[in-house]
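>>> Provided below are the primary sequence and the corresponding predicted coordinates.
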Amino acid sequence: MRILSRAISCISLAVLLTIAQVIYAANTHSKEAAPVVTFKTVYTGENALEIESNFLYDEMSLGELGLGKKAFEYAYRGYKNLLNRGLISKQNIISVVDFSQSSNNKRLYILDVENKEILMNTFVAHGRNSGKEFATAFSNSISSLKSSLGFFITKETYYGEHGLSLRIDGMEKGINDNAGKRAVVIHGAEYLGEKYLNGNTFSGRSWGCPAVPSHLSSQIIDMIKDGTVMFIYHPTQKYLSKSRVLNG
């Protein structure tokens, strides 16, 4: 009886092992045979640029400094277009002037988009005839004393009536290409900054130049001179629809 019992046990064990091997083989074959389905989203064109600019905007916490998301998105789009045209010498720096904000705000943002660094955030003036606290009117006309919107490329420095100054080249025909003729440059001004605002209801205004605080002007000019991008933004639909840098 013991011999018979052991024989039955061995047969049962062998059967169980065989069944287990069959199940394992079936599962393995099933996993190998089953096709692996993966999904990959491809981003191109404006969609890719928007995603890239939104990532940088969040990564650099630009919203916390008051820079509008749309202002940066437009700035980044134009920067990329100018970069593709080979018009930028210093490729990591973008300066954004956000004229949708009050002149009492620090609305100039100098950004290193390669290293995701905010190099400077300070005050910047708009033209005397563009508005008082807020800039609302813009022009490319000589003697208008108004600010011009759009994209500029910084050029060389020089010493003038405001000390060290920086020439800028307007890149948009009919929108800001008279910058040189109008002597629209970056220079220092005493009518900007917290000290000035202590005794005045809003910042002082220029004759159309994006003037910056005097005590920071040399630092700013040295930072952005010789071929960087500056974008002067305002949510004016006439400009946004007409700009060939944005829509080209």
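Thanks, I have it. Residues are numbered from 1 along each chain as shown.

>>> please count neighbours and contacts with C-alpha atoms only from this point.
Fine.

>>> what's the next secondary structure element after the helix or strand hosting Gly78?
Assessed by DSSP states H and E, Gly78 sits inside helix 69-84. Counting by DSSP H and E, the next helix or strand C-terminal to helix 69-84 is strand 93-98.

>>> and the average pLDDT for that next one is what?
Mean per-residue pLDDT for strand 93-98: 98.

>>> same for that strand, what does it pack against?
helix 69-84, strand 108-112, strand 229-233 (3 or more C-alpha pairs under 8 Å, 6 or more residues apart in numbering; DSSP states H and E).

>>> sheet-wise, list the partners of that strand with their directions.
Strand 93-98 pairs in its sheet with strand 108-112 (antiparallel), strand 229-233 (parallel), by DSSP bridges.

>>> pLDDT averaged over whatever helix or strand comes next after the last one - what is it?
Downstream of strand 229-233, the first helix or strand assigned by DSSP H and E is helix 237-242. Within the predicted structure, the mean pLDDT of helix 237-242 is 96.

>>> how about stretch 160-170?
On average, stretch 160-170 scores 96.

>>> can you give me the buried ones in it?
For stretch 160-170, the neighbour count (16 or more other C-alpha atoms under 10 Å) marks Leu164, Ser165, Leu166, Arg167, Ile168, Asp169, Gly170 as buried.

>>> in the chain, what residue spans correspond to strands?
93-98, 108-112, 117-122, 150-160, 163-170, 185-189, 212-213, 229-233 (DSSP state E).

>>> can I assume Lys155 is in contact with Met223?
No - Lys155 sits out of contact with Met223 when judged by C-alpha atoms under 8 Å, with a separation of 12.0 Å.

>>> overlap in contacts of those two?
When C-alpha atoms under 8 Å, 6 or more residues apart in numbering defines a contact, no residue borders Lys155 and Met223 alike.

>>> got the angle between the helix holding Gly78 and strand 229-233?
150 degrees (axes from the mean of the first three to the mean of the last three C-alpha atoms, to 10 degrees).

>>> need the strands paired with strand 93-98 in TSV (columns: mean neighbour count).
Shown next, in TSV, are these (neighbours: other C-alpha atoms under 10 Å):
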stretch	mean neighbour count
strand 108-112	22
strand 229-233	25
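
>>> to Phe138, which of those lies closest?
strand 229-233 (10.7 Å; C-alpha to C-alpha).

>>> tell me the angle of the closest one relative to strand 150-160?
120 degrees.

>>> show me what strand 229-233 is in contact with.
So strand 229-233 is in contact with 71, 75, 79, 88, 93-100, 148-154, going by C-alpha under 8 Å, 6+ apart.

>>> for it, the distance to its chain's centre please.
Distance, stretch centre to chain centre, for strand 229-233: 10 Å (C-alpha atoms, centre = their mean, to the nearest Å).

>>> the residue lying closest to Ser53 once chain neighbours are set aside: neighbour count?
Leaving aside its sequence neighbours, Ser53 sits nearest to Glu73 (C-alpha to C-alpha, 6 or more residues apart in numbering; 5.7 Å). Residues near Glu73, counting by other C-alpha atoms under 10 Å, number 19.

>>> check contacts around Glu73.
Glu73 neighbours (C-alpha under 8 Å, 6+ apart): Glu50, Ser53, Asn54.

>>> Ile224 versus Ile142, what's the distance?
25 Å (C-alpha to C-alpha, to the nearest Å).

>>> in terms of neighbours, single out the busier of the two.
Ile224 (21 against 15).

>>> thanks again, I'm all set now.
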